[in-house]
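Asker: Below are the sequence and a predicted model; questions follow.
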4 protein chains.
Amino acid sequence: MSNLRSDVSDWWTTEIIDMVPGQIRFRGHPIQDLIGNVTFPQMIWLMTRGALPTDAQSKLLECALVAAVDHGPQAPSIATARMAVTCGLGLNGAMASAVNMLDDVHGGAGEQAVELYSWIDDAVQGGQDLAAATAEMIDLWQSKHTKFVPGFGHRFHKPEDPRAPRLLGLVDEAAKNGVVSGRFAEIGRSLQTTLNSRKGKAVPMNIDGATAVIYAELGFAGPLARGLFCLSRSVGVIAHAWEQMEQGGRNKGPTPPAYRWSYKGPNPI
Amino acid sequence: MSNLRSDVSDWWTTEIIDMVPGQIRFRGHPIQDLIGNVTFPQMIWLMTRGALPTDAQSKLLECALVAAVDHGPQAPSIATARMAVTCGLGLNGAMASAVNMLDDVHGGAGEQAVELYSWIDDAVQGGQDLAAATAEMIDLWQSKHTKFVPGFGHRFHKPEDPRAPRLLGLVDEAAKNGVVSGRFAEIGRSLQTTLNSRKGKAVPMNIDGATAVIYAELGFAGPLARGLFCLSRSVGVIAHAWEQMEQGGRNKGPTPPAYRWSYKGPNPI
Amino acid sequence: MSNLRSDVSDWWTTEIIDMVPGQIRFRGHPIQDLIGNVTFPQMIWLMTRGALPTDAQSKLLECALVAAVDHGPQAPSIATARMAVTCGLGLNGAMASAVNMLDDVHGGAGEQAVELYSWIDDAVQGGQDLAAATAEMIDLWQSKHTKFVPGFGHRFHKPEDPRAPRLLGLVDEAAKNGVVSGRFAEIGRSLQTTLNSRKGKAVPMNIDGATAVIYAELGFAGPLARGLFCLSRSVGVIAHAWEQMEQGGRNKGPTPPAYRWSYKGPNPI
Amino acid sequence: MSNLRSDVSDWWTTEIIDMVPGQIRFRGHPIQDLIGNVTFPQMIWLMTRGALPTDAQSKLLECALVAAVDHGPQAPSIATARMAVTCGLGLNGAMASAVNMLDDVHGGAGEQAVELYSWIDDAVQGGQDLAAATAEMIDLWQSKHTKFVPGFGHRFHKPEDPRAPRLLGLVDEAAKNGVVSGRFAEIGRSLQTTLNSRKGKAVPMNIDGATAVIYAELGFAGPLARGLFCLSRSVGVIAHAWEQMEQGGRNKGPTPPAYRWSYKGPNPI
């Protein structure tokens, strides 16, 4: 930085990017060396982690990014994006209203699952048996938070979410090749076994649970698991918002206009 | 879809995704066949365009996605993301507040540049000379919109934005290999020449102008150019928001607290 | 401001608020003199316009603010707010995703109507006949923008939006009392007459058209008409989001879960 | 509702609004009876609480709404709004990006303070001494959440936030007149005394603490305290965004362009 330095500059200190007129470096790499030479997932890793990943690490991250792009136009986030463009918003605004909704209940499960997995991993690293640690940490989660165990259960995909076994299989392969340890895949499966047995029926590992295995294996912190889910789902947001733009419509509501709401308050008309 | 079909279902018609319990298809491709087999840029293309790209097309798209991830913590979008996490927002909320700001002035230039390029291309396809078409369409743009020609000029990177020549070089290579026509790279250079000459100084093609060349070469519509810029810049948003989370802070303002604003209204204290 | 003054402070120059430790002034008025002594609409006026309104002006503004709070849970903005809280967002986040959607098509009509009214007013002030100016400016609007004349037409309230005659009646009363000129109520009615006659049926003045009459009569600029509509509608956003919080639900979609979407793409399941 | 009724309508059940073509009722009141007859604060109360307040209740609510409109252009929310309009957003978008940031740390303190006050109130109603209940609940809050006691402490207004004593005085007056019980004003003062004594210096009750006294006295639930704070602060957001629109600027960053950030990462330029 050849610019004026002061407490004002220090207020915006970063290790991510450096710039002078005509030059840009990300994490120390000149931008022109990155363009055309690193993949988009490698760039995502570099920006969020500070150094470039191996090809194998990057490939596994890519699987998680590909898997979570969309779950249909009636997910609240995607529905919002589609309604947004009919209200006059561009794709930036549609993304904003939609991605905002990927909060604790809708998009935070990945972050929470990474946290739960790490509790179990810490216990196992400390010498506890995996099954016992799993049972204990489920109880702890439910007493501390809610009955919902993050990453498991799906109201639509029963008995199995098709994304989970595919992603776990790719983690197994990566573990076999020494890319990751495989510990978090084991933890995920242990949770599955315990929850199935407690419920007496299949409680499928969902997309958040499966991608959280990958994020945990690759060393991503919980908040980044949420962030990368948002990035992945943004692809679906853009695709649906654009499709809606082409379909047209003005002020599209959630149901066809002929259906109105049910009023249950005082003094109905 | 094996579910209840009706006007309610038709209200949310899509060609992007199909689902039954246990199965998900994107544009007709089972999700498990995509995970591990297509890259993230290929998936982005499939979702927004309807079919998979060639490897070479996907690689060129990837260059645009890599190039635009960040321009520093003091861009209004990134500054907002960093402030947002100190207000208590998760990465989804920080992304929302930040990406929203990539509007006409901050993130819409790519969309506008694609539009301007297509005006010139239409004129050239219709038989007009490139230099004449360029001059005419700059005039038309300025009379219809503002004096700002989208995709050109940078208040910081003078005389050249380091991303532009690198990206144009990769388009040239792709054109030589028959991946793209190269027409829009020519149009971009023609704009550059005309603007330099009109201004009597270098008016550097900026990141929006250079990525718009790629988006136009690859056949992306203008609104998608904006959407994909937002997706790319979201990577920087996530990286900076996460760095700020780790740095800490509460209710971080734009300047160090010792600096306050200048009050110029009535009855000052 | 007794603080450090510099170019950094000047970057955030304002005429709205002044502060030193223990003292706050808005537009020159100490905060403790405002609290308990001015109404909320007076405060809104003071903040946006720079000086306090008369009681009568404030009362008329209040009518516009009261009238536009809500139009039901299936407006895209309100539906978004209700879905948002089931995704885990607090009321700030629900407001953000919802208010964002009050863009050109959904919430911008008030701003546009103020602009159209001012075109007609300028023509009339310049000597043109009201009916002729109305006809000319409708044509100009439609050629410059779209066929939709802002502030008129409603797909639900036919033949009349109940809010419009009530608001116009209050403007008439204010005009009779010399609070406003009444010119914009005349312009609104002239638009109504012309549009009814052109369409051969009632084209009801809607809430945007009616509140725009008030905003124009009171001298609010177009962008503020949009902003104040957003403020008013935020009341409905908060009420609905809170009602949904109490109703509960997780990841509420736009339709009951039994209804899925219609897939019209390749290779259906 | 004379429309088609079904499970689709029931999905959007509300007690807030009823409509048929030409008629709108809020909480059972025809809209034309409300416009011109109720104040904006009364309308806010009606919408969020279900019935109209007394004049005295409405006046006290109005004090809280007036008090919290703004705290200067360098609050992260307001700074964001000002930057947003220079990126091309309208006032709806500026409000969205800004209000989103009023999360747990920036705008959630009012909600949290209502919760803390109610803990103390429950203990006192159950027979505990006020001072003891205060001390115990501060400890509980700090062990359950963070060291920050919501509603108290201000990094700028020392030793006193000018809004707090004024608002408490108005609550006292309302209590004397039987409008409210005054219990929460006592609780607020008890917290103040305890915190001052623990810290050995003045820990001023801030705007969140003072408005939370009013919201609690008037029976508003915690989440509504946050929502109404957002509504109030939206006035400042609109005023500042509009002032910035008139000042102009493109892509305004947080500091003057001559100041850049400090880069502390690897391989600096």
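Answerer: Okay, I see it.
Asker: Okay, now the unreliable bits of chain A?
Answerer: Along chain A, the parts satisfying pLDDT under 70 run over A:1-5.
Asker: Where do the strands of it begin and end?
Answerer: For chain A, the strands defined by DSSP state E cover A:17-20, A:23-26, A:29-30.
Asker: Nearest to D:Leu116, out of those strands?
Answerer: Nearest of the strands of chain A to D:Leu116, taken as CB to CB: strand A:17-20 at 41.1 Å. (C-beta placed from N, C-alpha, C; glycine too.)
Asker: Keeping just the C-alphas, turn the closest one into CSV.
Answerer: Provided in CSV are the C-alpha atoms of strand A:17-20 (Å, rounded to 0.1, in the frame of the first residue of the first chain):
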residue,chain,number,x,y,z
ILE,A,17,-6.1,-8.2,-0.4
ASP,A,18,-3.4,-5.7,-1.2
MET,A,19,-3.6,-3.1,-3.9
VAL,A,20,-1.8,-0.3,-5.6
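Asker: buried set for that strand?
Answerer: Buried positions in strand A:17-20, judged by neighbour count with 16 or more other CB atoms under 10 Å in any protein chain shown: A:17-19.
Asker: Let's have the strands of chain A in TSV, adding distance to chain D.
Answerer: Formatted as TSV, these follow (distance: least, CB to the nearest CB, whole Å):
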stretch	distance to chain D
strand A:17-20	4
strand A:23-26	5
strand A:29-30	8
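Asker: between the ones you listed, which gets nearest to B:Ala225?
Answerer: strand A:23-26 (20.7 Å).
Asker: Remind me what the closest one packs against, helices and strands.
Answerer: strand A:17-20, helix A:31-34, helix A:40-49 (3 or more CB pairs under 8 Å, 6 or more residues apart in numbering or on different chains; DSSP states H and E).
Asker: all helices of the stretch 151-269 of chain A, in order?
Answerer: A:163-176, A:183-199, A:207-217, A:222-247 (DSSP state H, counting those that start in this stretch).
Asker: Wondering if the first one reaches chain B at all.
Answerer: Yes. In terms of CB under 8 Å from any CB of the partner chain, part of helix A:163-176 sits within range of chain B, namely A:163, A:165-167, A:170.
Asker: Kindly reformat those as a markdown table and extend each row with distance to A:Thr54 and neighbour count.
Answerer: Formatted as a markdown table, the residues of helix A:163-176 next to chain B follow (distance: CB to CB, whole Å; neighbours: other CB atoms under 10 Å in any protein chain shown):
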| residue | distance to A:Thr54 | neighbour count |
| --- | --- | --- |
| A:Arg163 | 24 | 27 |
| A:Pro165 | 25 | 14 |
| A:Arg166 | 22 | 19 |
| A:Leu167 | 19 | 30 |
| A:Leu170 | 15 | 22 |
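Asker: now, of the helices and strands packed on strand A:23-26, which is deepest in the fold?
Answerer: Among these, helix A:40-49 has the highest mean neighbour count (mean count of other CB atoms under 10 Å in any protein chain shown), at a mean of 24.
Asker: got the angle for that helix vs helix B:40-49?
Answerer: 110 degrees (axes from the mean of the first three to the mean of the last three CA atoms, to 10 degrees).
Asker: Mind exporting the C-alpha coordinates of helix A:40-49 to PDB?
Answerer: Below are the C-alpha coordinates for helix A:40-49, written out as PDB (Å, rounded to 0.1, in the frame of the first residue of the first chain):
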ATOM      1  CA  PHE A  40     -13.200 -21.100  -8.700                       C
ATOM      2  CA  PRO A  41     -13.300 -23.500  -5.700                       C
ATOM      3  CA  GLN A  42      -9.600 -23.000  -5.300                       C
ATOM      4  CA  MET A  43     -10.200 -19.300  -5.300                       C
ATOM      5  CA  ILE A  44     -12.900 -19.700  -2.700                       C
ATOM      6  CA  TRP A  45     -10.600 -21.700  -0.500                       C
ATOM      7  CA  LEU A  46      -7.700 -19.200  -0.900                       C
ATOM      8  CA  MET A  47      -9.900 -16.200   0.000                       C
ATOM      9  CA  THR A  48     -11.500 -17.800   3.000                       C
ATOM     10  CA  ARG A  49      -8.600 -19.900   4.400                       C
END
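Asker: how about it against chain B, any contact?
Answerer: Yes. Helix A:40-49 reaches chain B (CB under 8 Å from any CB) through A:40-41, A:43-44, A:47-48.
Asker: Let me see the contact set for A:Val38.
Answerer: Residues counted as contacts of A:Val38 (CB atoms under 8 Å, 6 or more residues apart in numbering or on different chains) are A:46, A:52, B:66.
Asker: if you set the cut-off to 10 Å instead, what comes out?
Answerer: Contact analysis of A:Val38 by CB atoms under 10 Å, 6 or more residues apart in numbering or on different chains lists A:26, A:29, A:44-46, A:52-53, A:58, B:62-63, B:66.
Asker: How much space separates the spatially closest residue to A:Trp45 that is not a sequence neighbour from B:Ser232?
Answerer: Nearest residue to A:Trp45, sequence neighbours excluded (CB to CB, 6 or more residues apart in numbering or on different chains): A:Pro53, at 4.4 Å. Per CB to CB, to the nearest Å, A:Pro53 is found 18 Å from B:Ser232.
Asker: Just give the closest residue to A:Ala96, not the sequence neighbours.
Answerer: Nearest to A:Ala96 is B:Asn100, by CB to CB, 6+ apart, at 3.4 Å.
Asker: Return the residues of the stretch 101-250 of chain A in contact with chain C.
Answerer: A:101-109, A:146, A:148, A:155-156, A:243, A:249-250 (CB under 10 Å from any CB of the partner chain).
Asker: so A:Ala113 touches A:Gly153, yeah?
Answerer: No. Between A:Ala113 and A:Gly153 there is no contact under CB atoms under 10 Å: 11.6 Å.
Asker: Neighbour count: those two, which is higher?
Answerer: A:Ala113 (30 against 19; other CB atoms under 10 Å in any protein chain shown).
Asker: ok, now which ones touch that one?
Answerer: A:149-152, A:184, A:187-188, A:191, A:205-206, A:208-213, A:215-216, A:222, A:225.
Asker: Quick check: it vs C:Phe148, distance?
Answerer: A:Ala113 is 47 Å from C:Phe148, by CB to CB.
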